[in-house]
Structures are given as C-alpha cells and as structure tokens.
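# Below is the sequence, then the predicted model.
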Amino acid sequence: MKIKKMLCSVLITLLCSFGIFVSNVNATIKETVDSNNSSLAHIENGTTIVGITKFSPNTLVTAKRVSQATMNDIAYNLDNLNYGGVHIYYYYYGWYELDENSTAQPVLDQNSLKELDIFYVDNVEKKVTINYEGDSNVNFKTDKANKDRDVSLSNGVITVPATVRELRVLNANNNSLLATYVKVNSSDMDFKKNPHMGKIVSNENQIFSLSEDDTIVFQGNIPYTIKEDENTLNGNYVSVGIMLDSAVNNTVPNKDNTKVIVYDAANLEGREESWENDTGHDVDVLFSEDLKGAIIEVIWEEGHSQFFTVALTESTTLEAAPEGTIDWDYTTGMVPNQGFQYDITSQKDTIMFNDKVAYYESLNGLKAGNRVGIEITPNAKYKDAVRNKTVIVSIEGSVEGEDATWELNNTMDGIIYTPLVTDENREIFVKVTWEKGFTQTFKIDASTALLMSN
Amino acid sequence: MKKTTGIIIGVSCAVLVISLILIFTVFLPKLEHDEQDSNLTETLKALAVDVYENEFKTLMPTFLEQNGSLTITLDSLLGMNKDIKIFEEHSCDYSGTYAELIYDEESSYKVEINLQCNN
C-alpha cells in the first residue's frame, strides 16, 4: 500500500514536471486576449500582468511574487532608455491597471494591450529551442549575465531562456566560437544562425587601448584633430574599426541595408553612416570634456543590431585645441599718464575695452582717430605659419580701407592690429584661419569705451 | 599521594588537549565561518541597497510602500550586471540567497539577508 502510494506520488510529480516542461517550451512569447487567435498563447480572465510576467488566474499574486516579477522586468529593460518602470495590469473582460494606490483603473486604450510580450509565467521563464548539429562539448554565453547557466543542450536541441536575444556556442576546450544565434525581435521564437557580427578594433597606433567583447577603452592623451571638411567638427577623435567577424559569417553585408549610427559628442542624437567596404567600417569618434564615451550601433539588417562602446579611462586627457590668444598691445590706446583697463577673461576670444581710448593724429601713417591695439599670439603649432604669413586673416567691422594694416612683429611671432574705433565702429571681428578647417574668431569690443577727442 | 598527583596531571593534560582540539576543530572554523557570513551579509546588503536606491527607487518610488517588501536575489543582481563573484566563490544559491527590503514607516525600510551558501 505504502509502495503504491509512493509510486503514485512519483508519477504525479513526473507528470507535473512534464506538464511544466511542455507548457514552457515553445509556448509563444507573444500572448493575446483574442480567443480566436490560434497562433498565439492566450491571456485568460483573471490574469495579472506584472511587466513581462503573467500570473495565471489560479496563482496567488503575493508581494514576494510581484517583487520577483518586478526585478525580472527591470533586469530585462536594463538597456532600454525609454523604460519608465513596471506596469501592473489585471484582465477581466477588459484591461485594468493597478495604480500607485493599488486601485484598478480601466485602461483607456484597450487595443494597446491586445498582444503582449510575456516572458515569464508565474515567475517561471519560458524557454525556446534551437536545433543544433555539432559538437556537444560546448559552453554557452548569452547577452544576459544571469542566463548562461540556464542554457542546456540535449539530443541536438539547445534550450534557451526566452529573454535571451543572443546566444554564442563556444568550444568547451578552447572557448572558440562555434556558432552565434540571434533573435531579430525579442518576441521571436526562432533564432537566426550566424548573422553578421562585428568586432571593434583600434586604428590608433599611438594610443593604448584594450578591447573586450563589444567594448574598447582608450588610455592616454587624445590629440586634437582638425578636419578639413567644414561640415565636420574639429576636436578630440579616436578612430576605431568595426571589422566583420569572419569566424561567424563570411558573407559581405548588404551595403544598402547595413547602417552605422554613431552616438558621440559630435551628435548625441546619432549620425548615420553607410557601411564602407567588404571587411569593415572605420568610425571617427569624437569626445569632449563632458562626454568621454560613445556608442556605435551597427544595424546589420532590420531588427538585428549590435552595439559597441568606445570609452576613455578616467585618467585619459584631451589635448587642447591649438588656439591663439588675444591681448592688448600696450603701445596703443592708452591716454598718456593715465591708467588703462581692459578685460580678456570674461568672454572667450574677446577683448573688452571699457576705458578711455586715446586719439592719434597720425599713427604709422594711418588715418587720424581713436585707436587701440591688440596682439594675437598664435599657438606654438602655428608660429612658423604666422612668420611666413600663411595664415589667412579677415576683419569684419573695420573701417573701409584699413583691412590691410596687419603686420607681423618679428620679436613675438604674433599679429598686431590697431583698429580705428569710432562711434559706429565699436565691435570688430578678426577671423584667423590658422589652417584649412581651423578658423578662430576674435572679437574686439569697445562698446563701452570712452573715445577721447583730439 | 604520588599516584593522585599523577592522575590530576593526567586529567589536566587530557582536558588541555581536548580543549585545544575543540578550539582548532570547532570554535576557530566556526569563528571563521561566522566572519565569512558576516562579510557576505554586508556585501549583499550593500549591493541590494545600491540597486534599490539608485535604480529601483528612481523608477518606482512608491513600490516598497505599496508592496510592503522587495526581494532582490543573487540572480536579479547578476541580471543587472552587478559583481557577485564573491557569492559564486562560496557556491551561493542564486535564488535562495537574497536581500529582502521590508517597508518600515520609521526608517523607510529595513534589510534582511538570507544566505544559502555551501562554503
């Protein structure tokens, strides 16, 4: 009698386990309230939804279970920038949402919940399967740190937790990649085998870098780069390459479908580039003092993206732009035997004269009037260029006919300019093109200066 | 008299030896184990509070008050890319090892730790 009872309980346990197994493997991830839809699993009356988890009508939804479901939802949405927290719904001939006071409010847009992605039922994760022909001595690596150990291989079938979007099958002896499986949409039940995948490498020989998985980190001093193309910002760039991982897929990506989107200091919203050539695509990533990291998204094809991270270590420095500086040329502008005030610190590349400006009857043969001198000192990089007068200078706001009054001072390798300041001509802009692609605009502001009479 | 002294010395030595054996085999390992547990407890507590304060609470500020408690398992922490190597080294169970944050009107919440580790 006792043995019969034991056998019975073992049988029941086995049947239950089998039942759970059958109900979890290959149950569709997408579920619907439409009872006429035979292709999707159904959400029944009395169901509670917590994020990506469904609690069946017969399940007691305890605080502990809600808490677990909430954590699962947060972990699932970890990389989702638009994620705003878990939503709790209840279905009974229509959808109700549980608000902060645990009050059920009817959902106004019922159609928005007609189909839902459900990855867990009663906190048990659904499973999907992949037919696998190959060596069985393998390890698994997924895109979710806590799911690797839940992947299994048995009789040529890999069973994978439903939330996994990418699975890599590795040789257990040497960890070499045997196959990659990727879901195009998270609710898919099928994985795409060996889709295009890339590896990120550095194109910089002079800057130390380390790369691991889809991340590359640079360490050192990032030089300031001047771009000849006027539409591209100058700044601190590193060049990286996204190289096709031939171990996964040898075919050339379709250049029309493959897009590269770079989110960096040049464009936080992302700038789109087309895939360059058969083996890889180079990307210049811009950093700033405020943004020392970037994301490169490669959309291999619709629904299949890969994200790469480019980062700088904390100690990495950004080389300053080779800018010149503006200052007062003390030989001109001051009324004799009086003090003279000016300001070069309040605004970048601006000198503000707010004192008395002297009147000159004749200054080096220039037209009579109030004049105040400035000197522009180039960055060390351009000293030779200034000496050889290869820099291009243009002036806006100067008195007609005096644009050509530039002179180089042999002792300082800088530029001296002595503009005429009149009531109508108090703001003068000096544009210096140090080299193609790099122009610096200085402002001479004498709007509050007192122009002395002769 | 001599015999009695010998017995006393013998018994004393035996007690001393047994005490030493007990210290080395029972008390010291227990002390070490307790220290290890305390270390794991503090680490798990710090991880759970960090997740709650910096990630969970920003998304759902009233959840704890409404739900009464929040359980953060090792599995959840790993799923959120937290470093749980120390627990894996001690073969802790991913579901059985957890921090439970319990709503408390006075102190906002208190944290209870449950460890299920093998060594």
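Yep, it's here.
# tell me which element B:Leu44 falls in.
helix B:28-51 (DSSP states H and E).
# Identify the residues contacting the residue most central in space within chain B.
The structure's chain B has its C-alpha centroid closest to B:Asp37; by Cα atoms, centre = their mean the separation is 3.2 Å. Listed by Cβ atoms under 8 Å, 6 or more residues apart in numbering or on different chains, the contact set of B:Asp37 reads B:Leu115. To be clear about C-beta, it is placed using only N, CA and C from the backbone, and glycine gets the same treatment.
# and B:Ile9, helix, strand or coil?
Here B:Ile9 is helix, with the state taken from DSSP: H, G, I helix; E, B strand; the rest coil.
# Can you give me the distance of it to chain A?
59 Å (Cβ to the nearest Cβ, to the nearest Å).
# ok, then the element right after the helix holding B:Leu44?
helix B:57-59.
# Which residues does that next one contact?
Counting by Cβ under 8 Å, 6+ apart, residues outside helix B:57-59 touching it are A:74, A:83-86, B:63-64.
# List the ones among those residues that fall in strands.
Assigned to strands by DSSP state E, none of the contacts of helix B:57-59 qualify.
# Report the two of those separated the most.
A:Tyr83 and B:Leu64 (18.7 Å; Cβ to Cβ).
# quick one: which of those two has more around it?
Of the pair A:Tyr83 and B:Leu64, B:Leu64 is the one with more neighbours under other Cβ atoms under 10 Å in any protein chain shown, namely 20 against 14.
# for that one, what are its contacts?
Per Cβ under 8 Å, 6+ apart, neighbours of B:Leu64: B:52, B:57, B:70, B:101, B:103, B:108-109.
# and what of A:Ile376?
Going by Cβ under 8 Å, 6+ apart, the list of residues near A:Ile376 reads A:324-326, A:414-415, A:417, A:430, A:432, A:442.
# Looking at pLDDT only, which of those scores worst?
The lowest pLDDT within the contacts of A:Ile376 belongs to A:Gly414, which sits at 81.
# how close does that residue sit to chain B?
52 Å.
# Contact partners for that residue?
Here A:Gly414 is in contact with A:324, A:375-378, A:386, A:408 (Cβ under 8 Å, 6+ apart).
# would you turn those residues into JSON lines with distance to A:Ile351 and secondary structure?
Listed next are these as JSON lines, based on distance: Cβ to Cβ, whole Å; DSSP: H, G, I helix; E, B strand; the rest coil:
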{"residue": "A:Gly324", "distance to A:Ile351": "12", "secondary structure": "coil"}
{"residue": "A:Glu375", "distance to A:Ile351": "10", "secondary structure": "strand"}
{"residue": "A:Ile376", "distance to A:Ile351": "10", "secondary structure": "strand"}
{"residue": "A:Thr377", "distance to A:Ile351": "12", "secondary structure": "strand"}
{"residue": "A:Pro378", "distance to A:Ile351": "16", "secondary structure": "coil"}
{"residue": "A:Val386", "distance to A:Ile351": "18", "secondary structure": "helix"}
{"residue": "A:Leu408", "distance to A:Ile351": "19", "secondary structure": "strand"}
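# which of the residues you listed count as buried?
A:324, A:375-378, A:386 (16 or more other Cβ atoms under 10 Å in any protein chain shown).
# What's the local residue count around the nearest residue to B:Asn81 once chain neighbours are set aside?
Among residues not flanking B:Asn81 along the chain, A:Ala145 sits closest, at 5.6 Å (Cβ to Cβ, 6 or more residues apart in numbering or on different chains). If you count neighbours by other Cβ under 10 Å, A:Ala145 ends up with 18.
# Double-check A:Ala145 against B:Leu77; I have them as touching.
No - in this structure, A:Ala145 is not within contact of B:Leu77 by Cβ atoms under 8 Å, at 9.5 Å.
# Find the nearest non-adjacent residue to A:Leu318, please.
A:Asn236 (4.3 Å).
# next one: the host helix or strand of that neighbour to chain centre, how far?
Here A:Asn236, judged by DSSP H and E, is contained in strand A:235-244. With Cα atoms, centre = their mean, to the nearest Å as the basis, strand A:235-244 stands 14 Å off its chain's centre.
# Report pLDDT for residue 99.
In the absence of a named chain, chain A is used. Taking A:Asp99 on its own, its pLDDT is 78.
# that's the other chain; I wanted chain B
95.
# List the buried residues for the host helix or strand of it?
Using DSSP H and E, B:Ala99 sits within strand B:98-104. Of the residues in strand B:98-104, B:98-101, B:103 count as buried by neighbour count, 16+ other Cβ under 10 Å.
# Show me what that strand pairs with in its sheet, parallel or antiparallel.
strand B:69-73 (antiparallel), strand B:108-114 (antiparallel) (DSSP bridges).
# circling back to that earlier point, tell me what angle whatever helix or strand comes next after the strand holding A:Asn236 forms with strand A:235-244.
Downstream of strand A:235-244, the next assigned helix or strand under DSSP H and E is strand A:259-264. Per axes from the mean of the first three to the mean of the last three Cα atoms, to 10 degrees, the angle that strand A:259-264 makes with strand A:235-244 is 150 degrees.
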